[in-house]
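**Student:** got a sequence here, can you model it:
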Amino acid sequence: MKNRDIPADAEATAVAVLGWLANEPEMLSRFLALSGVQPQQLRQAVNDPAFLAGMLEFLMQHEPTLMAFCSATDTKPETVVEAYHRYAGPSFDSADV
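**Tutor:** Predicted structure coming up:
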């Protein structure tokens, strides 16, 4: 899957998450440590749909972090989940299979 296959609203959500993480140094450090991505690799990584799916998944796996992002950006949690599914593709438990 290439980024051009991703709807604009999912891209906007991923960009918002990345921007929010950039302003949350502790959270960004934790995400980078878990993902194995080095700070200097971020510019290249943002072109990888799998990286963006992982970033969205990171947010979704910790409800307080998800809610902090949603509160700070006036985003519904469902919007983050939808963006994740757009980047990750259908799963066995989704209706898209």
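
**Student:** what sits against A53?
**Tutor:** Counting by CB atoms under 8 Å, 6 or more residues apart in numbering, A53 makes contact with Y84, Y87, A88. All C-beta spots, glycine's among them, are computed from the backbone N, C-alpha and C.

**Student:** which other helices and strands contact the helix or strand that contains the second one?
**Tutor:** Think Y87. Using DSSP states H and E, Y87 sits in helix 77-88. Applying 3 or more CB pairs under 8 Å, 6 or more residues apart in numbering; DSSP states H and E, one finds that helix 77-88 contacts helix 8-22, helix 49-60, helix 63-73.

**Student:** could I get the average pLDDT for the helix or strand following the longest one?
**Tutor:** In other words, helix 8-22. Downstream of helix 8-22, the first helix or strand assigned by DSSP H and E is helix 25-35. In this model, helix 25-35 has a mean pLDDT of 93.

**Student:** for stretch 64-82, same thing?
**Tutor:** Taken as a whole, stretch 64-82 has an average pLDDT of 95.

**Student:** then that stretch to PDB, C-alphas only?
**Tutor:** Taking Å, rounded to 0.1, in the frame of the first residue of the first chain, the C-alpha atoms of stretch 64-82 are listed here in PDB:
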ATOM      1  CA  PRO A  64      -4.700   7.900  28.500                       C
ATOM      2  CA  THR A  65      -2.300   8.800  25.700                       C
ATOM      3  CA  LEU A  66      -5.100   8.400  23.100                       C
ATOM      4  CA  MET A  67      -7.400  10.700  25.100                       C
ATOM      5  CA  ALA A  68      -4.600  13.200  25.700                       C
ATOM      6  CA  PHE A  69      -4.100  13.400  22.000                       C
ATOM      7  CA  CYS A  70      -7.800  13.700  21.300                       C
ATOM      8  CA  SER A  71      -8.300  16.400  23.900                       C
ATOM      9  CA  ALA A  72      -5.300  18.400  22.600                       C
ATOM     10  CA  THR A  73      -6.400  18.200  19.000                       C
ATOM     11  CA  ASP A  74     -10.200  18.000  19.300                       C
ATOM     12  CA  THR A  75     -10.100  14.700  17.500                       C
ATOM     13  CA  LYS A  76     -12.500  11.800  18.200                       C
ATOM     14  CA  PRO A  77     -10.900   8.500  19.200                       C
ATOM     15  CA  GLU A  78     -12.900   6.800  16.400                       C
ATOM     16  CA  THR A  79     -11.000   9.100  13.900                       C
ATOM     17  CA  VAL A  80      -7.700   7.700  15.100                       C
ATOM     18  CA  VAL A  81      -9.000   4.100  14.900                       C
ATOM     19  CA  GLU A  82     -10.300   4.700  11.400                       C
END
